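**Q** Here is my input, please return the structure:
(chains A and B, ligands or ions: 1)
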Amino acid sequence: MKVPLSWLKEYVDLDVEPKALAERLTFAGLEVESLEVIGSDFKGIVTGEVLSIKPHPTADSPEHSALSQPAEPGNLLLCEVSNGKDVRRVVCGARNFSVGDKVPLAEVGALLPNGTTIEVAVIRGEASHGMLCAEDELGLSDDHSGLLILPPDTPAGTSLSKVLGPPETVLTLEVTPNRPDCLSLIGIAREVAALYGCRLKMPAASFQEEGPAIDTCTSVRVEDPEACPRYTARILSQVTIAPSPFLARRRLTLAGIRPINNIVDITNYIMLECGQPLHAFDQTLLNEGRIVVRRARSGERMATLDGAERTLAPELLVIADARQAVAAAGIMGGAASGILDTTRTVLLESACFKPAVVRKGSKQLSLSTESSYRFERGVDINLVDWASRRATALMTQWAGAKAAKGVIDVYPMEPKPRNITCRFDRVRQLLGVDIANDPIAAIFESLALPVVQRNGKSCTVQAPTFRPDLETEADLIEEIARMHGLDNIPARAPSHGGGVPADDRPTRAVMRCRSLLIGLGLSEIVNYSFVCEDLLNRIDTGAADRRIVLPRPISADHSILRPWLLPQMIDTLGRNRSRQIAEAAFFELGRIFLKNPAGALCEEEHLAVGLMGAVGRSGLEKRRPLREEDSFAWLKGILEALGAALSFPLHSPRQQDAVPGIALSPLPPGSAAPEGFPLHCFKDHCRMSIILNGENCGVLGLVTDEIRRDYRILEPVAVLEIRLAPLLRHAWETPSAERLPVYPAVTRDIALRVGKDIKHEVIIRTIWKMAPKELTDIRLFDIYKSVELGVGFKSVAYSLTYRSAERTLTDDAVNSLHECVKAGLRSELKAEIREG
Amino acid sequence: MKADDLQALKDAALTDACAAQTVEDLEKIRVKHLGRKGLLPEIMKSLKDADPAERPAIGRIANELKQELASLLESRRAAFQAQTACQTQAFDDTLPGQWRPLGTRHPISQIIEEAVRIFATLGFTVADGPDIETEYYNFDALNTPGNHPSRDTQDTFWLESGELLRTQTSPVQIRVMEEQKPPVRIIAPGRCYRRDTTDATHSSNFHQIEGLYVDRDVSMADLKSDISYFARQMMGPDVKVRFRPHFFPFTEPSVEYDFSCHVCGGKPALAGRGCRLCKNSGWIEISGAGMVNPKVFEKVGYDPETTTGYAFGMGVERIAMVKYSIQDIRLLYDNDIRFLRQLSG
Ligand SMILES: [Zn+2]
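**A** Numbers count the residues shown, from 1 in each chain, chains lettered A, B, ... in the order given. The predicted structure is shown next:
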């Protein structure tokens, strides 16, 4: 809501610095978004009288078109303009004026507000001694549709600053949806009056009724009084359509509304003044000249004033004449019945429509107007007739109209006054401030909220119809809070509450998991919940029917709720790679969204990890060739370290079948992906399902070469994604300390020559299978291939730890235990024991 | 053996030790004189055969020889070793340290975890709710009916199912109060969604932290006190809070709150060329809060007569941007490792 201060001062006597006023309003809940000063001292710009207008003699000839002046050929005029003393020849591109008009003439040497200095210019061969100005050139608005036309009685030569007055301050207020009364100057003036303790001045709304009796002119039938609780109509005849008075046009422009003609301007002027939207029909264009307020008929169509032809939904409330809809009630008038230059008789509508009805209609038509905006928030039903009278008064003054006798006012049920009781103690309790009873009551009175009853404990306030937001005691307490001043509410020591704390172990577990991942050297990333369909399809050809697609996305990049985290993880690695970052280790903790097979929308917390480049190596080793196995091993190591830190039971190798703890299981080509995890982005030979306590909970693997190529990532990329809840299952279990071993351990190394395809896990499983109970640990410490071992063989070396819980093991005892293991390896794996 | 002979022997031994060029030479000298079968043990053994008059002198010189020679050999050996170490190992203490760096916590997580910590000290625990919400929890229960214009300020992502992406974390208030009788003290961090076109300060996807404190006698002064405490803990010990009246359907009275600028200390005039962060106003807009609307209490079955409470929301990205001087909200979702490392915490 734009508020020109000089206009506001019509309704309240106010002598205060604009900045101070803005601050005061902001802290009373009417936030001032901006404070603009419009206009200047207009030095060198005077009132010019147009003496003659001729077409520019050479403007049409194409050979002059090389000149830099932007005006189109044929549009230029050559004018003689008097500045009261001399006559200036001026070239002008505008067309909206005629001989005798008074227009702003910027003389040679004048400085326009946009910084241009006026010089003698030669335009297409004609010298121009000065410039005739439009509003935008004077910094008054951004209107460039034509010259600013000054009042006709202004003497030529009068300085423009004298005509326009001093620069105008315009406040732009952000009016919250609960305060429709402040969508008007009078409403704001009422607040100002309360804040500064001055009086609100209502303008005059009286006029002579010189026309015929209204009943003989028209009639109004309201078919849906619930949707339209009040409708008034007045008739004005002998109207002369003309421009509005200069001051009114200036005010409308400053408030952001373009002046049209006196009748239309008056409806807008009154709407800005008091908040009541009005509509003016050309009565002669209404069938039978009468009004019916009804719902639209099925298939009914209407051209609105904005030029669009619209089909009206059947529930839409319309204003109709005897035959057809002529306006969408409270939203916009129809083109067929609007005010024309030839209009002589006006039917003036001032009505109240139910907010929800207008809101629904506005949504249906996708049409929001100044009028619908106000009706949606609620207009003052008791102001409807005042606004009509006020507009009628102006029409008699500005358009020479004759008002018909009387008014049609369909107002079947006046609302009962709403009385709200406010307990003084409750005010003090809720705000936590010490404020006495008297000031509380005084604040209500200052806001024009009459106190109809009062005792020592409470007072009863009658909520006026212009304050639909006041319904309960809490609403009244808010009035006290904002008028008393929120600064006066003390800030003390913080409160410390009792009560039963919620179980927030899940949150703490997530925070712990985050800290662990950071400790492991990973950087946390946060991606949008929306993902690009394209990206998703590149990285995941999985079940598209499970995706949750946004019906109306903001952009194609953000069209689907992410069904898993890895596409964005890979994308993030790629984005970093494109910025010359060769290595990165990332994790994300976030929600994913999927339809379950029954079609219900589900969300779940996941963890994704992505490694790119030589993240597992120290600086001096970064350049060593990087193998896929290295990346895979780092990622696996992160998962193992995380599992151990999150109290996952260690995988006990002695139990071959039961699988507590974290395990990986290969997913060879053709195998089904774990529920919810597509496999398309992984290399066939290197993708595993992550198994937590026997349950498939995620996937881990190396990203395919094709995807890496898309992102120009040269280094191996290893990623995993896992459901968070099973991963954190043990995170808040309390560990218990066990006795440390009493007897010393003995280690024996063993080096084996085995076939190169025999996997580490097969070897240690074999060892564990025949291990004596004294074997407590097996560690791989070396692995190599060489020519001397023979093609197809490798050497692996393990360190085995033996320990007895009952005694110190002697060398001989250990040797014999170790021999058992060696014998088993020879027979089971055809291993050659090279050492040990 | 005479005392003079022994004196000559001692001088020769010390001279040899001084002249030795290698550790091996030193060792030879040591073995020759001090070793188990060396000269000195021989002398000590033959002391009983010596002239009784010369015996004290011989004993003294022998002792001197033993001590001085041992000390000289040791100091020369140490010198040799130090020299060798320098020559062969060339220890470079300027090489870069070798340890893998820690990872980094995302700024959004930093703010959320810090807020959780701060409010935990006031007895708040964390509550949670879904991102995909129903119209009831996101709007209706929060006194924002479908035909009310206040819905317009939160342009919503509706889903085909009729559900929506929550536009605020406030639905968690309702979910908690439905489950739990007062007193309630929770904070609820989470993601929210609005159909805002993304630019430097807007993101269709953002995070909020909801706070709710409901009890028998909670006042607006409590709200101001607790938010002030949070502001001091989060932004700095001198940061102050101010309230401006505002409107939210689910609180009454409602306020917006600002923090005094922690960069210029709320005094931009004293900051030389002015303060870019607060645009010379001295204050930074943070978010909204208010006293829980009794209509919301009615929805969850609380007695609005005996119950009062406050609620607040805060924009996580907003606080992160203000705290870390981040110019563009999109940086928070860009995940450039260089940016993340700058703000590691
Ligand atoms: Zn500042």
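
**Q** got the residue ranges for the helices in the stretch 51-200 of chain A?
**A** Per DSSP state H, counting those that start in this stretch, the stretch 51-200 of chain A carries helices over the ranges A:160-164, A:185-196.

**Q** quick one: contacts of stretch A:737-753?
**A** Contact with stretch A:737-753 is made by A:763, A:776, A:781-782, A:789-790, A:793-809, A:811, A:814, A:818, A:821-822, A:825, A:829, A:831-836, as judged by CB atoms under 8 Å, 6 or more residues apart in numbering or on different chains. Yep, even glycine has a C-beta here, placed from its N, CA and C like the rest.

**Q** Look at whatever residue of chain A ends up closest to the ion and tell me its secondary structure.
**A** As assessed by CB to the ion, the ion sits closest to A:E23 within chain A, at 17.4 Å. At A:E23 the chain is in helix, as set by DSSP: H, G, I helix; E, B strand; the rest coil.

**Q** Run through the residues that contact it.
**A** A:E23 touches A:V32, counting by CB under 8 Å, 6+ apart.

**Q** Let me know the pLDDT of it.
**A** On pLDDT, A:E23 comes in at 92.

**Q** now swap in A:F27 and tell me
**A** 93.

**Q** what residues are up against it?
**A** Here A:F27 is in contact with A:482, A:485-487, B:244-245 (CB under 8 Å, 6+ apart).

**Q** Also A:G334?
**A** Neighbour list for A:G334: A:302-305, A:325-328 [criterion: CB under 8 Å, 6+ apart].

**Q** check contacts around residue 201.
**A** As the question left the chain open, I've gone with chain A. Neighbour list for A:K201: A:10-13, A:189 [criterion: CB under 8 Å, 6+ apart].

**Q** wait, chain B
**A** B:321, B:329.

**Q** burial count for the closest residue to A:A121 other than its chain neighbours?
**A** Excluding the flanking residues, the one nearest A:A121 by CB to CB, 6 or more residues apart in numbering or on different chains is A:S128, at 4.8 Å. Other residues near A:S128 come to 24 when the count uses other CB atoms under 10 Å in any protein chain shown.

**Q** for A:S128, what are its contacts?
**A** A:S128 makes contact with A:89-91, A:120-122 under the criterion CB under 8 Å, 6+ apart.

**Q** thought A:L30 was touching A:C182?
**A** Yes: in this structure, A:L30 is within contact of A:C182 by CB atoms under 8 Å, at 6.0 Å.

**Q** Find residues that contact each of those two.
**A** Common neighbours of A:L30 and A:C182 (criterion: CB under 8 Å, 6+ apart): A:173, A:175, A:188, A:191.

**Q** Touching, the third one and A:L30? I think so.
**A** Yes: the pair A:I188 and A:L30 passes the contact test of CB under 8 Å, sitting 6.9 Å apart.

**Q** What count of nearby residues applies to the residue lying closest to B:K32 once chain neighbours are set aside?
**A** Sequence neighbours aside, B:G38 is the residue nearest to B:K32 in space, at 5.7 Å (criterion: CB to CB, 6+ apart). For B:G38, the count of nearby residues is 14 (other CB under 10 Å).

**Q** Now do the contacts for B:G38.
**A** Taking CB under 8 Å, 6+ apart as the test, what B:G38 contacts is B:30-32.

**Q** what do you get for A:G361?
**A** When contacts are counted by CB under 8 Å, 6+ apart, A:G361 is found next to A:313, A:315-317, A:328-331, A:372.

**Q** let's see it at 6 Å
**A** By CB atoms under 6 Å, 6 or more residues apart in numbering or on different chains, A:G361 lies in contact with A:316, A:328, A:331.

**Q** Now do the phi/psi pair for the second one.
**A** With angles defined as degrees, to the nearest 10, A:A328 shows backbone torsions of phi -80, psi 120.

**Q** Just say helix, strand or coil for the nearest residue to B:M235 once chain neighbours are set aside.
**A** The shortest distance from B:M235 to any non-neighbouring residue, by CB to CB, 6+ apart, is to B:H262 (4.5 Å). Three-state assignment for B:H262 (three-state DSSP): coil.

**Q** Would you agree B:H262 is in contact with B:V239?
**A** Yes: assessed by CB atoms under 6 Å, B:H262 is found in contact with B:V239 at 5.3 Å.

**Q** possible to save the shared contacts of A:L30 and A:C182 as CSV with neighbour count, distance to the ion and pLDDT?
**A** As requested, these are arranged in CSV below (neighbours: other CB atoms under 10 Å in any protein chain shown; distance: CB to the ion, whole Å; pLDDT from 0 to 100):
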residue, neighbour count, distance to the ion, pLDDT
A:L173, 21, 25, 95
A:V175, 20, 28, 93
A:I188, 24, 30, 96
A:E191, 25, 30, 94
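
**Q** I'd like those laid out as TSV, including distance to A:S736.
**A** Below are the shared contacts of A:L30 and A:C182 laid out as TSV (distance: CB to CB, whole Å):
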residue	distance to A:S736
A:L173	65
A:V175	63
A:I188	70
A:E191	67
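
**Q** and of the residues you listed, the nearest to chain B?
**A** When the shared contacts of A:L30 and A:C182 are compared for distance to chain B (CB to the nearest CB), A:V175 wins out at 9.3 Å.
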